[in-house]
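K.L.:
just a sequence and a predicted model for now, questions to come.
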Amino acid sequence: MHVHNLPAEPFAAPRGADRGSSDRQPVVVARHVAKTYGRTRALAGVDLEVRAGEVLGLVGHNGAGKSTLMRVLAGLEACDEGTVTVRGRETSGEAGPRAAEFRGVRMAYQETSLCPDLTVAENIWVSSRHCLPRLGWRRAASDAVRRRLGEMFPGHGVAPGDRVEDLSLAQRQMVEIARAGLVDRLDLLILDEPTESLGPDAARSLYDYVRGLTAGGVAVLLISHRIREILSVADRVAVLRDGAVIADRPAAGLGEHDVLTLMGAQVADRAGSEPAAAPAGEPADRPVMAELRGATGSGLHDVSVRVGAGEVVGLAGLAGQGQQEVLERLWRPARRDTRVHGSRAYVPGDRQRSGVLPLWTVAENLIVTAMRGIARHGLRRPAEERAAVRNWVERLSIRGGPDAAMTELSGGNQQKVIVARAFASTADLVLLDDPFRGVDVHTKTDLYQLIRQEAAQGRSVVWYSSENAEMAHCDRVYVFRAGRVVAELAGEEISEEQIIAVSFAESDGARSGPPAESRDTRSRPSAEPDGARNRPDGARNRSDGERNRPDRARNRPDGEQSHE
Ligand SMILES: Nc1ncnc2c1ncn2[C@@H]1O[C@H](COP(=O)(O)OP(=O)(O)OP(=O)(O)O)[C@@H](O)[C@H]1O
């Protein structure tokens, strides 16, 4: 047996990309599927069909049941009630789902399922060994993953012999997606928030590849909180709310607002709201809370960044251009070129590596940083702690409640706990490293407001985001390219278009030439660069910085450091 070289013809006829969605053959069908964990009814009677040759988009709030449904559809978990059929065959026996029936259903997880201590090729062998030869498996796995990554993500920068632990988040996500497609016959590919840690170029490459798959008759089930992305890629959209499919419609007739309304009326109202206004007063007038002056080394070249008290400062640009190195320096200001006044809290985007304390409850994870501030004369005050926890659980709508174990929470709800933990602390400076991965639209909107409210109270925030649109909530934004600040935008100048323009402009020159003159952004040409395709967010130039990233400080429970 060999690793199937997709996209190929995994199906016998009938199929055809030109047929209407409802004419296509169902690949996986769920009928009245219900699933309960303890007291939580995660799925409450789901009916859903995924058909050959289509992309079905699945949306829903954090905790709606999307990942649970995916696990049931992929045969990884048994449902308590209802049935799942794959290509017309009933899949559950007395001992749970029968693995053989699900052989053609593959899933790329939101939190990657790769083993960090193994190489990329070894991980491929673990998950696709039934398609690989026993003799010479390493070479076969290496060839297969190299080829697949090349087809899916040109310029990915991953070598089969790389240890997964040494890869960036984006690269791990790419390997996870490539791994899912490596099978001798693919019927259904499930992508659970595949682009949350990919940059726009890698996301585009992925969706080009997905179109090739569906043209060959493969069914694709796409989960995402990025509604526009879903609408542009999917043929059909299903909306999951509180464990049930409450709408299933062709994507063609739907707008973003329609989907948000279907997800929950409240969402639509909040999502439409404007960013809260930045506080009055010139940033230059504010006392400096933190700064880098001409910082050089570990991937940075003469970087100067200033953060005023009560200011929200954005770090933008393509992923891996030095933003995380700046966060690292502010988190641990060890060099003379970096000054930080006051205490700091850090929110990692990569919760798998250092975000959550999985054996602790929501309340314990949440209060661990705030405890010291709440205590009196060194004594803890349980009633006040409980009140603070309740406040944050309600404020961020953390589903599961204070006493749930972190492992019982959906991915988005875990991320909310990590954000709450930082803001619940008394830190003067909050460092956000792409913090809202997997958080649903309405909670994100609440979090944007929270950031502005906290800044209005005098807290400073430094915020790296891979979503340029989020930078509109900042007072000032530094745009990074190849370890340099290439533009500083303030107020009205901050827009997605402007950030993209300066992120890409003259990118090749910036890599090898002298520092680009910062500040004057308007004169730079806007470009949709070819060069950027070869430099996806996962590119190798990131790895130095990755090694120094704050999230590498494993088991760091408090997420807060005091003034040094
Ligand atoms: N292993 C588990 N143990 C206990 N509860 C669980 C478990 N897995 C999921 N749940 C609960 O089931 C519900 C649905 O979770 P699920 O992960 O399917 O949501 P989701 O829609 O994928 O959310 P997100 O958008 O945040 O990823 C949540 O309330 C979650 O807390």
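P.N.:
Looks like it arrived, so ask away.
K.L.:
okay, how far is it across stretch 476-495, tip to tip?
P.N.:
Between the opening and closing residues of stretch 476-495 there is a gap of 11 Å (CA to CA, to the nearest Å).
K.L.:
please work out the average pLDDT along it.
P.N.:
Averaging pLDDT along stretch 476-495 yields 91.
K.L.:
near the ligand, which residues of this structure?
P.N.:
Proximity of the chain to the ligand, by CB under 6 Å from any ligand atom, involves residues 37-38, 40, 42, 60, 62-68, 399-400, 408-413, 438, 440. Backbone N, C-alpha and C define where each C-beta goes, glycine included.
K.L.:
mind checking which of those are in strands?
P.N.:
Counting by DSSP state E, the part of these found in strands is 37, 40, 42.
K.L.:
let me see the contact set for the residue of the stretch 401-550 of the chain found nearest the ligand.
P.N.:
For the stretch 401-550 of the chain, the residue closest to the ligand is residue 412, as judged by CB to the nearest ligand atom, at 2.7 Å. Taking CB atoms under 8 Å, 6 or more residues apart in numbering as the contact definition, residue 412 lies against 62, 63, 225, 438, 439, 440, 443.
K.L.:
weed out the non-buried ones from the ones in strands among the residues of the chain next to the ligand.
P.N.:
Those of those that meet the buried threshold are 40, 42, by 16 or more other CB atoms under 10 Å.
K.L.:
by pLDDT, rank the ones in strands among the residues of the chain next to the ligand and give me the bottom one.
P.N.:
For those, the minimum pLDDT belongs to residue 40; the value there is 85.
K.L.:
go ahead and confirm that residue touches residue 408.
P.N.:
Yes: in this structure, residue 40 is within contact of residue 408 by CB atoms under 8 Å, at 7.3 Å.
K.L.:
how many neighbours does residue 117 have?
P.N.:
Using other CB atoms under 10 Å, residue 117 has 10 neighbouring residues.
K.L.:
how about it, secondary structure?
P.N.:
When states are read from DSSP: H, G, I helix; E, B strand; the rest coil, the local structure at residue 117 comes out as coil.
K.L.:
and what of the one 4 residues further on?
P.N.:
Remark: residue 121 carries the secondary structure label helix [criterion: three-state DSSP].
K.L.:
around it, how many other residues sit close by?
P.N.:
The burial metric for residue 121, expressed as a neighbour count using other CB under 10 Å, is 22.
K.L.:
tell me the pLDDT of it.
P.N.:
Residue 121 is given a pLDDT of 90.
K.L.:
that one and residue 160 touch, don't they?
P.N.:
Yes: with contact defined as CB under 8 Å, residue 121 counts as touching residue 160 (4.0 Å).
K.L.:
residue boundaries of the strands in the stretch 251-400 of the chain?
P.N.:
Per DSSP state E, counting those that start in this stretch, the stretch 251-400 of the chain has strands spanning 288-297, 300-308, 312-316, 338-340, 344-347. These are given in chain order.
K.L.:
kindly reformat those strands as CSV containing mean pLDDT.
P.N.:
CSV is the format used below for the strands of the stretch 251-400 of the chain (pLDDT from 0 to 100):
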stretch, mean pLDDT
strand 288-297, 91
strand 300-308, 94
strand 312-316, 95
strand 338-340, 91
strand 344-347, 90
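K.L.:
returning to that earlier point: find residues that contact each of residue 40 and residue 408.
P.N.:
Common neighbours of residue 40 and residue 408, using CB under 8 Å, 6+ apart, are residue 400.
K.L.:
quick one on the thing from earlier: now the strands of the stretch 251-400 of the chain as TSV including mean neighbour count?
P.N.:
Output for those, formatted as TSV (neighbours: other CB atoms under 10 Å):
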stretch	mean neighbour count
strand 288-297	18
strand 300-308	20
strand 312-316	27
strand 338-340	20
strand 344-347	28
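K.L.:
so which of those is nearest residue 27?
P.N.:
Ranking these by distance to residue 27, with CB to CB as the measure, places strand 344-347 first at 38.9 Å.
K.L.:
packing partners for the closest one?
P.N.:
The contact analysis (3 or more CB pairs under 8 Å, 6 or more residues apart in numbering; DSSP states H and E) places strand 344-347 against helix 323-331, helix 411-424, strand 429-433, strand 560-561.
K.L.:
so which of these gets nearest residue 356?
P.N.:
With CB to CB as the measure, helix 411-424 is the member of the helices and strands packed on strand 344-347 nearest residue 356 (5.5 Å).
K.L.:
any idea of the angle the closest one forms with strand 429-433?
P.N.:
Between the axes of helix 411-424 and strand 429-433, defined by axes from the mean of the first three to the mean of the last three CA atoms, to 10 degrees, the angle is 160 degrees.
K.L.:
quick one: mean pLDDT over helix 411-424.
P.N.:
Across helix 411-424, the per-residue pLDDT values average to 87.
K.L.:
may I have stretch 118-129 exported as CSV, CA atoms only?
P.N.:
What follows is stretch 118-129, C-alpha atoms only, in CSV (Å, rounded to 0.1, in the frame of the first residue of the first chain):
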residue,chain,number,x,y,z
LEU,A,118,8.6,13.2,17.3
THR,A,119,9.7,14.5,14.0
VAL,A,120,7.1,15.4,11.3
ALA,A,121,7.8,12.2,9.4
GLU,A,122,7.4,10.1,12.5
ASN,A,123,4.1,11.8,13.3
ILE,A,124,2.9,11.0,9.8
TRP,A,125,3.9,7.4,10.3
VAL,A,126,1.9,7.2,13.5
SER,A,127,-1.3,8.4,11.9
SER,A,128,-1.0,7.0,8.4
ARG,A,129,1.0,3.8,9.0
